[in-house]
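Asks: I would like to see how this sequence folds:
(one chain, ligands or ions: 1)
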Amino acid sequence: MTSENARFAFGENWRKFLPLVDEPRIRAAERSLCEMLEVPDLTGKTALDVGCGSGLFSLAARRLGARVRSFDRDQVSVDCTLALRRQHFPDDDAWQVEQGSVLDAGFVARLGQYDVVYAWGVLHHTGAMWQAFENTVQTVRPGGRLFVAIYNDQGRVSDLWRVVKRAYCSGTAGKVAVSSVFMPYFAVGCFVMDLARLRNPLRRYRDRDDERGMAVFRDWVDWLGGYPFEVAKPEKVLAYHRKHGFRLDRLTTRHSGCNEFVFTLSHAATRG
Ligand SMILES: C[S@@+](CC[C@H](N)C(=O)[O-])C[C@H]1O[C@@H](n2cnc3c(N)ncnc32)[C@H](O)[C@@H]1O
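Replies: Numbering: from 1, shown residues only. You can find the predicted model right below:
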């Protein structure tokens, strides 16, 4: 595989996460939506889940009362989301799931506009992040909210991670080499950090309600493989959205990992 077409199989990782989706994880996902959006529920709202992955956040939004539309570029992610829908909302016409790319302007235009648009950890994995932003902002209705999470730009450190991720996605040898270096590194790093904080080191593997309902090992795989990989400084994301008529409601910054932004689109915003 050449580095130009190297791409992480996100759906395969989500397929392995799916059996772990239980009530505490679903509740954690619901809590993360309500806390960041500062709402008790989503009753009467429409929600678009851009790059839905496992489908956990579509499920959470649906349980919170929204009419949901979910899509992902990766058919295996779409299948995971369909499986969650079958399990929790069989024959539900208020939850649509389909395959599609946020980079496909025609597809995105046909989706229409939503009260809540959720694009967590997606746009930086498309290979054309700013084009993905350009298409995503079109799906927010005036007065609607956009919840987006984007990897922080750590300069050289981000450049190094890009090399690691590209190597992971270059074929079996790259995947084995990267995993055998970094999995023990993560495990030992977490062990030492937990001991220093007087925390039980096994807790992070047992806890089913981390802040978004994710699973530690699946997160590590997603992190090592997540390629294409782009990053942005929070001020750049802010400036872009201000220019497009959005107001920042909430921001959570992280040195390493994703910065989370919740914006509201001005009622006066005009769309092209
Ligand atoms: C890190 S996962 C995040 C999944 C989910 N949003 C979540 O928060 O758990 C990134 C997802 O974006 C999807 N993705 C990547 N490029 C995409 C594109 N061009 N259009 C739609 N989805 C895309 C991947 O297939 C993957 O499921």
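Asks: how far away is whatever residue of the stretch 151-272 of the chain ends up closest to the ligand from Glu12?
Replies: Going by C-beta to the nearest ligand atom, the ligand is nearest to Asp222 of the stretch 151-272 of the chain, at 5.4 Å. For every residue, glycine as well, the C-beta is placed using N, CA and C. According to C-beta to C-beta, to the nearest Å, Asp222 and Glu12 sit 11 Å apart.
Asks: with neighbour numbers in mind, choose between these two.
Replies: Shown here are Asp222 and Glu12; by other C-beta atoms under 10 Å, Asp222 has more neighbours (19 against 15).
Asks: buried set for the helix or strand harbouring that one?
Replies: Per DSSP states H and E, Asp222 falls inside helix 216-225. Of all the residues in helix 216-225, those buried under the rule 16 or more other C-beta atoms under 10 Å are Phe217, Arg218, Asp219, Trp220, Val221, Asp222, Trp223, Leu224, Gly225.
Asks: what's the lengthiest strand in the chain packed up against?
Replies: The longest strand of the chain (DSSP state E) is strand 140-151. Judged by 3 or more C-beta pairs under 8 Å, 6 or more residues apart in numbering; DSSP states H and E, strand 140-151 is in contact with helix 23-37, strand 114-120, helix 129-137, helix 234-243, strand 246-252, strand 258-265.
Asks: distance from the lowest-mean-pLDDT helix or strand in the chain to the middle of the chain?
Replies: When each helix and strand of the chain is scored by mean pLDDT, DSSP states H and E, helix 203-206 comes last, with a mean of 72. The chain centroid and the centroid of helix 203-206 are separated by 22 Å under C-alpha atoms, centre = their mean, to the nearest Å.
Asks: what does it rub up against?
Replies: Outside helix 203-206, the residues that touch it by C-beta atoms under 8 Å, 6 or more residues apart in numbering are Cys190, Asp194, Asp210, Val216, Phe217.
Asks: how about a cut-off of 7 Å?
Replies: The contact list for helix 203-206, computed with C-beta atoms under 7 Å, 6 or more residues apart in numbering, reads Cys190, Asp194, Val216.
Asks: C-alpha coordinates for it, PDB please?
Replies: Extracted in PDB, the C-alpha atoms of helix 203-206 (Å, rounded to 0.1, in the frame of the first residue of the first chain):
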ATOM      1  CA  ARG A 203      -9.600   0.400  37.100                       C
ATOM      2  CA  ARG A 204      -9.100   2.000  33.700                       C
ATOM      3  CA  TYR A 205      -9.600  -1.400  32.000                       C
ATOM      4  CA  ARG A 206     -12.600  -2.300  34.100                       C
END
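Asks: now the closest residue to Lys236 other than its chain neighbours. Its backbone dihedrals?
Replies: The spatial neighbour of Lys236 that comes closest, neighbours along the chain excluded (C-beta to C-beta, 6 or more residues apart in numbering), is Asp153 at 7.7 Å. Main-chain torsions, Asp153, degrees, to the nearest 10: phi -80, psi 110.
Asks: ok, now how distant is Asp153 from Gln87?
Replies: To Gln87, Asp153 is 38 Å away according to C-beta to C-beta.
Asks: what about the two, which has more around it?
Replies: Neighbour tally, Asp153 and Gln87, criterion other C-beta under 10 Å: the higher count belongs to Asp153, 17 against 12.
Asks: surely that one and Glu230 touch.
Replies: No: using C-beta atoms under 7 Å, Asp153 is not in contact with Glu230; the gap is 8.9 Å.
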